[in-house]
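Peer 1: just the structure for this:
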Amino acid sequence: MSATFAELWNGIAPIGRVRNGGYLRYALEEPELVLRDWFRNQAARRDMAVTDDGNGNLFAWWGDQWGHDAVLTGSHFDSVPHGGGFDGPLGIVSAFLAVDELRRQGHVPSRPIAVVAFVEEEGGRFGVPCLGSRLLSGAIEPEKAAALTDRDGVTFGEALGGTPAGRLPGLTGRINALVELHIEQGRALDVPVGVASAIWPHGRWRFEFTGIGDHAGTTSMADRRDPMLTFAYTVLAANKEARLAGALATMARVEVEPNATNAIPSLVRAWLDARAAETGTLDGLVDAVMKRAHDRAGRDGTEVDVTPESFSAEVTFEESLAGRIAGLLGGAPVLPTGAGHDAGVLSAHVPTAMLFVRNPTGVSHSPAEHADEQDCVAGIGALARVLGDLT
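Peer 2: Presented below is the predicted three-dimensional model:
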């Protein structure tokens, strides 16, 4: 299995990789479209029919297409800008190889198994994470999703080729379970494979700081209404409030107008990513950051407008399923994560579970993201055992 994993993994590793070793795999742009063709080719080699749900999610079927009580497994191809190569694709490669392993064992599934590639999981192009699974489950309206735009003004509907189909009819009867394998995105796993217990609540908020654009060389410091000052204060405030709350806050994406060295900006647009172990803690954190931003704006002579862009509630994976899988894997550790996943979105509708493959450094969303080959192979074996048990 190790040789087969290396062959498949090395085949996709160059796709979308850029100079710093990271990846630019935006949803429905060329590198990700190449990977979607790779998905279809892998399915064809295994005589697995491929369907598209009208939302951009791909399914490769072992058994009847959308037969009753299907078991889904897979992940996503898209990456965060300059992110690592394992986040997402590892789950899809592992899913195909788990099917191979079950067939080698002579397993005959009692219900259909589908390898799935969800679209726009990271939200790196259109701004809403887990967009494909949100559409599939009805968590976002098709018209709203179609109108989402990327940095170039292209809408999701235009990239997809039309308005998405939205919620899958008969969702709960059609899906028996979803098992997503993913690289662990922290330092909590010290064995090759673990099982997810929960996903922290998390969301994204867009802050727009407005002031008055002016000349950097002729405007006195006392006369300035500089939104960059309000933004900078808010970044520091978010850091402090997150530390006080035992939560996480990040402001890493920013757009400035006019973005000139010798001009005081008129607008700074920035995004807050906030996460916490409990919803109440998260709400308190975001409220505190917004209050401090508005207070500072009053002193700077600027204005602040905050727009919620996405929110994912706290997810507790079905304990019976997680416990069953942990026992099946010989007592694998069960651990929570602060990272969002498609399995978390679908957990509100169908039983879902996640397998984590050890990440030696814990680094993710970075070119340094890595998993050792032997741990990846162990993950494939674990996924095959779980799929075999569920079918």
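Peer 1: going forward, measure contacts between C-alpha atoms and count neighbours the same way
Peer 2: Noted.
Peer 1: can you give me the strands for the stretch 101-250 of the chain?
Peer 2: For the stretch 101-250 of the chain, strands defined by DSSP state E, counting those that start in this stretch occupy the ranges 113-118, 175-183, 193-199, 202-210, 214-215, 248-257.
Peer 1: ok, the stretch 251-391 of the chain next?
Peer 2: Under the criterion DSSP E, counting those that start in this stretch, strands of the stretch 251-391 of the chain are mapped to 263-264, 267-275, 303-312, 315-316, 334-337, 352-357.
Peer 1: so who does the nearest residue in space to residue 351 that is not next to it in sequence touch?
Peer 2: Nearest-residue entry for residue 351: residue 177, 4.9 Å, with adjacent residues in sequence omitted and distances by C-alpha to C-alpha, 6 or more residues apart in numbering. For residue 177, the residues meeting the contact criterion (C-alpha atoms under 8 Å, 6 or more residues apart in numbering) are 69, 70, 71, 72, 350, 351, 352, 353.
Peer 1: picking that back up, in JSON lines, list the strands of the stretch 251-391 of the chain along with distance to residue 296, mean pLDDT and mean neighbour count.
Peer 2: Formatted as JSON lines, the strands of the stretch 251-391 of the chain follow (distance: least, C-alpha to C-alpha, whole Å; pLDDT from 0 to 100; neighbours: other C-alpha atoms under 10 Å):
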{"stretch": "strand 263-264", "distance to residue 296": "18", "mean pLDDT": "98", "mean neighbour count": "20"}
{"stretch": "strand 267-275", "distance to residue 296": "14", "mean pLDDT": "97", "mean neighbour count": "23"}
{"stretch": "strand 303-312", "distance to residue 296": "9", "mean pLDDT": "95", "mean neighbour count": "16"}
{"stretch": "strand 315-316", "distance to residue 296": "34", "mean pLDDT": "90", "mean neighbour count": "20"}
{"stretch": "strand 334-337", "distance to residue 296": "33", "mean pLDDT": "91", "mean neighbour count": "17"}
{"stretch": "strand 352-357", "distance to residue 296": "42", "mean pLDDT": "96", "mean neighbour count": "26"}
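Peer 1: can you put these in CSV and add distance to residue 16?
Peer 2: Below are these laid out as CSV (distance: least, C-alpha to C-alpha, whole Å):
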stretch, distance to residue 16
strand 263-264, 35
strand 267-275, 25
strand 303-312, 26
strand 315-316, 31
strand 334-337, 27
strand 352-357, 23
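Peer 1: how is this protein carved up into domains?
Peer 2: For the chain, the domain assignment from automatic domain parsing gives the residue ranges 2-200+314-390, 202-311.
Peer 1: which of those domains is buried the deepest?
Peer 2: Among those, judged by mean count of other C-alpha atoms under 10 Å, the one packed with the most neighbours on average is domain 2-200+314-390 (a mean of 20).
Peer 1: separation between the residue nearest to residue 351 and residue 130?
Peer 2: Summarising the geometry, the distance separating residue 177 from residue 130, computed by C-alpha to C-alpha, to the nearest Å, is 18 Å.
Peer 1: thinking residue 40 is in contact with residue 51, fair?
Peer 2: No - distance between residue 40 and residue 51: 9.5 Å, which falls outside the contact criterion (C-alpha atoms under 8 Å).
Peer 1: okay, the longest helix seen in the chain in CSV with CA atoms only?
Peer 2: Longest helix in the chain by number of residues, with DSSP state H as the criterion: helix 279-300. This file holds the C-alpha atoms of helix 279-300, laid out as CSV (Å, rounded to 0.1, in the frame of the first residue of the first chain):
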residue,chain,number,x,y,z
THR,A,279,-20.2,29.5,21.8
GLY,A,280,-20.6,31.9,24.8
THR,A,281,-16.9,32.5,24.9
LEU,A,282,-16.7,33.1,21.2
ASP,A,283,-19.7,35.6,21.3
GLY,A,284,-18.0,37.4,24.2
LEU,A,285,-14.7,37.6,22.4
VAL,A,286,-16.2,39.1,19.2
ASP,A,287,-18.3,41.6,21.1
ALA,A,288,-15.3,42.7,23.1
VAL,A,289,-13.2,43.2,19.9
MET,A,290,-16.0,45.2,18.2
LYS,A,291,-16.5,47.4,21.3
ARG,A,292,-12.8,48.2,21.4
ALA,A,293,-12.7,48.9,17.7
HIS,A,294,-15.6,51.3,18.0
ASP,A,295,-14.1,53.0,21.0
ARG,A,296,-10.8,53.6,19.2
ALA,A,297,-12.6,54.8,16.1
GLY,A,298,-14.2,57.5,18.2
ARG,A,299,-10.8,58.7,19.3
ASP,A,300,-9.3,58.5,15.8
